[in-house]
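Participant: next comes the sequence, and after it the predicted model I'd like to discuss.
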Amino acid sequence: MIKFMFMSLEIFLYATGVATSEDTLRESLFTGYNPKTKPHFPFNANVVRVDASFQMSSLYSLNFIDENFEFTMKMRNYWVDKRLTWDPSAYKGIQRIDVNKNDIWKPTLALLNGKVSDNIYSQILVSNKGEVRSTELLIVSTSCHIDATNFPFDTQQCKITASLTSFNVAFQNVQVNISEKFSSRWTTNQVTCFEHEDTTLNIHITLIRQLHFADIILMLPIFILVILSTLSFLIPVEYGERLSLSTTVFLANIVFLMEIEKKMPREGRRQAFLTIYLLLVTVTSGLTTVAGIIITKLHFRKDLENHEKSRSKNTELSEKLNQVAPKPTSDISEEGQPPCNEKRRPQTPLDPEKLNKILFRITFVSMIILTLLFLSLMMWYRIKPKQTTGTCI
């Protein structure tokens with residue numbers, strides 16, 4: 001029991017001594033220290049060399065409409081400040097301390113095409129040799145030129161440009177990494193393309209969209225509407241549901257076109273293949289509706305002509321059976337019927353049934369050609385190698 005009490009007392013005294021020594025060390029280091037003045041190296045042209053490491057941790061969002069790229073990034077910097085050196089033996093063997101980021105000088109890194117939305121975590125460790133290691137976890141938001149040409153099978157390239165704003169401060173060694181779990185929606189290149197000069201760093205990130213169930217849900221109704229628009233010609237002309245179906249499909253295509261357009265960038269330089277395809281399908285669906293109206297009109301006009309023809313024949317037959325002499329030609333007969341030798345309306349040269357078959361074949365072939373061309377362009381654009389901007393390849 002007494003031995004345990006002595007051990008506890010020794011630990012307490014040691015901890016108190018270390019704490020007192022650390023307080024003394026901090027007072028010694030920061031007395032007269034100006035955090036606004038950078039370290040001075042008379043033998044190194046007065047330039048502070050910074051080793052930097054950037055790790056892209058996770059993707060927050062890639063906003064198509066605002067063309068904004070937001071992600072978390074762990075940034076590590078290393079530099080030497082000879083003003084922060086001490087002899088560990090004079091301070092109970094203390095070789096490293098952590099300091100507040102506002103208490104010492106540190107290089108300022110500014111994003112030229114974005115901003116730091118939030119600083120989640122920050123830690124600065126200083127060793128007895130004046131080596132300073134800074135670790136920060138940041139939420140970064142940058143602009144990203146969105147290429148929606150091949151949406152939803154698209155590949156995006158985003159560029160991050162950062163610069164050291166402090167005078168006579170330059171990058172020395174730079175490392176850039178992307179976490180394997182950066183995003184479940186996008187696939188990133190394992191080797192990140194980056195380039196740096198003395199004070200400027202450019203990071204190029206290539207994001208390849210993975211095909212998800214949501215993309216299938218988006219594409220499937222479009223192809224179903226294409227099929228329904230074509231099959232509307234197979235409904236008999238005398239049924240009114242034919243025009244109802246054509247009109248409904250046409251309106252549904254317009255709604256889909258508006259919804260897809262809402263997902264596109266506001267300042268799109270290229271129209272997406274999907275938008276062009278849906279626009280052509282909508283136009284074809286509208287022409288199908290117009291063709292259905294014309295065919296229906298021709299069909300009922302033919303029925304009316306057949307009815308008038310059968311009525312004339314019945315009139316002639318009744319006259320022969322009753323052995324009635326033909327009456328003089330007049331505008332209107334006594335019975336209120338037009339005379340037999342009156343010029344009848346000429347028959348329409350277009351057969352609605354034949355016209356319906358021709359238009360069905362034309363629409364069917366057109367839809368197949370449009371769909372195959374659309375899918376071919378999307379596959380070709382997806383596998384086509386894309387050049388990165390700048391000199392980084």
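Facilitator: Right, received. Where do you want to start?

Participant: how far out from the middle of the chain is the host helix or strand of L245?
Facilitator: Under the criterion of DSSP states H and E, L245 resides in helix 241-262. Centroid displacement of helix 241-262 relative to its chain, using CA atoms, centre = their mean, to the nearest Å, is 24 Å.

Participant: okay, buried residues for that helix please.
Facilitator: For helix 241-262, the neighbour count (16 or more other CB atoms under 10 Å) marks 242-243, 245-250, 252-253, 256-257, 260 as buried. From N, CA and C alone the C-beta is placed, and that goes for glycine too.

Participant: likewise for stretch 28-45?
Facilitator: L29, K38, P39.

Participant: for Y33, see how far away the last one is.
Facilitator: Computed as CB to CB, to the nearest Å, the P39 to Y33 distance reads 11 Å.

Participant: please enumerate the shared neighbours of the two.
Facilitator: R83 (CB atoms under 8 Å, 6 or more residues apart in numbering).

Participant: all strands of this protein, in order?
Facilitator: For the chain, the strands defined by DSSP state E cover 48-63, 68-85, 96-99, 109-111, 114-127, 129-143, 155-164, 169-178, 186-188, 193-196, 200-209.

Participant: for M367, find the nearest of the ones you listed.
Facilitator: strand 200-209 (26.3 Å; CB to CB).

Participant: list the helices and strands that closest one packs on?
Facilitator: Packed against strand 200-209 by the contact rule (3 or more CB pairs under 8 Å, 6 or more residues apart in numbering; DSSP states H and E) you find strand 48-63, strand 155-164, strand 169-178, strand 186-188, strand 193-196.

Participant: out of these, the one nearest L231 is which?
Facilitator: strand 155-164 (35.3 Å).

Participant: any idea how far the spatially closest residue to L243 that is not a sequence neighbour lies from F69?
Facilitator: Distance criterion CB to CB, 6 or more residues apart in numbering; nearest residue to L243, sequence neighbours excluded, is G292 at 5.3 Å. Going from G292 to F69 by CB to CB gives 47 Å.

Participant: ok, now E267?
Facilitator: To F69, E267 is 16 Å away according to CB to CB.

Participant: neighbour count for the two, which is higher?
Facilitator: Shown here are E267 and F69; by other CB atoms under 10 Å, F69 has more neighbours (25 against 9).

Participant: leaving out sequence neighbours, find the closest residue to the more buried one.
Facilitator: C144 (3.8 Å).

Participant: and that neighbour, how many residues sit next to it?
Facilitator: C144 has 23 nearby residues by other CB under 10 Å.

Participant: from memory it sits against E70, does it?
Facilitator: No - counting by CB atoms under 8 Å, C144 does not reach E70; the two are 9.4 Å apart.

Participant: overlap in contacts of the two?
Facilitator: Counting by CB under 8 Å, 6+ apart, the residues touching both C144 and E70 are L62.

Participant: that concludes my questions; thank you for your assistance.
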